[in-house]
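[1] here you go, sequence then predicted model.
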Amino acid sequence: EAGVTQFPSHSVIEKGQTVTLRCDPISGHDNLYWYRRVMGKEIKFLLHFVKESKQDESGMPNNRFLAERTGGTYSTLKVQPAELEDSGVYFCASSQDVVIQRTGELFFGEGSRLTVL
Amino acid sequence: GNSVTQMEGPVTLSEEAFLTINCTYTATGYPSLFWYVQYPGEGLQLLLKATKADDKGSNKGFEATYRKETTSFHLEKGSVQVSDSAVYFCALSDRSNTGKLIFGQGTTLQVKP
């Protein structure tokens, strides 16, 4: 079974440009999460989808960030326009309801590293 | 609010040395606790977990015990290997059933031959 896959693995853009990150969760996982690690600090929650609906977007830093999950399958995270402080590693994770309710465990992808120059 | 504090790194050890990475947490209720690991060039992987007080999670020679009285979940390994070099993250999940994780800042471990 394929794990959580993310694309691209690394993106380098200039300030003011747009970047779109994609995440394909594990098949059958209704819950999808985006997290971010900036400058070697802690990994922080951005938002949570249940199927195609945003369950919790309390961690989204500002309105330059837009996440979508069309049809409840893959998800995209768009940053427009990008700023220097957006540089970091963006992680996607997924899980099933029964797993979350029992243990809270998430399954993570390898992350997309974003560098804004 | 909920939070996780890890010892700052980097931690540098010789092969076969004993490892302890401290992790303490602040949370209401009874969270689940996790250690995730990120090896160079790879994504986050669950290393071990514990879901209630006094539980011991273990995997690949690593252990951590959920200590409610000291609100701690310290990671230990008796004899580290070069292949254990990675970044280790302590995390908690509250019991609101959302799956939202709170992470510590990560501890980089480098093991030298």
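    Looks like it came in fine.
[2] A:Glu85 should be in a strand, yeah?
    No - counting by DSSP: H, G, I helix; E, B strand; the rest coil, A:Glu85 is located in no strand; its state is helix.
[3] buried stuff in stretch A:86-104?
    For stretch A:86-104, burial by neighbour count (16 or more other CB atoms under 10 Å in any protein chain shown) applies to A:86-96, A:99-100, A:103-104. For glycine as for every other residue, the C-beta is placed from the backbone atoms N, C-alpha and C.
[4] ugh, wrong one, stretch B:45-62
    B:45-51, B:57, B:62.
[5] max pairwise distance over these: which two?
    B:Gln45 and B:Thr51 (18.4 Å; CB to CB).
[6] what about the helices in chain A?
    Under the criterion DSSP state H, chain A contains helices at A:97-102.
[7] got the residues of it near chain B?
    Counting by CB under 8 Å from any CB of the partner chain, the residues of chain A lying close to chain B are A:3-4, A:6, A:31, A:33, A:35, A:37, A:40-45, A:48, A:55-56, A:91, A:93, A:95, A:100-111.
[8] now do A:Glu110 against A:Val89, distance only.
    The gap separating A:Glu110 from A:Val89 is 9 Å, by CB to CB, to the nearest Å.
[9] what of B:Tyr25?
    Separation of B:Tyr25 from A:Val89 (CB to CB) stands at 23 Å.
[10] quick revisit: and the buried residues of stretch B:45-62 as JSON lines, adding pLDDT?
    As requested, these are exported to JSON lines (pLDDT from 0 to 100):
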{"residue": "B:Gln45", "pLDDT": "90"}
{"residue": "B:Leu46", "pLDDT": "91"}
{"residue": "B:Leu47", "pLDDT": "96"}
{"residue": "B:Leu48", "pLDDT": "95"}
{"residue": "B:Lys49", "pLDDT": "93"}
{"residue": "B:Ala50", "pLDDT": "93"}
{"residue": "B:Thr51", "pLDDT": "89"}
{"residue": "B:Gly57", "pLDDT": "96"}
{"residue": "B:Phe62", "pLDDT": "98"}
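[11] picking up where we left off before, are any of the residues of chain A next to chain B buried, and if so which?
    Buried members of the residues of chain A next to chain B, scored by 16+ other CB under 10 Å, are A:4, A:6, A:31, A:33, A:35, A:37, A:42-45, A:48, A:55-56, A:91, A:93, A:95, A:100, A:103-111.
[12] fine by me, thanks again.
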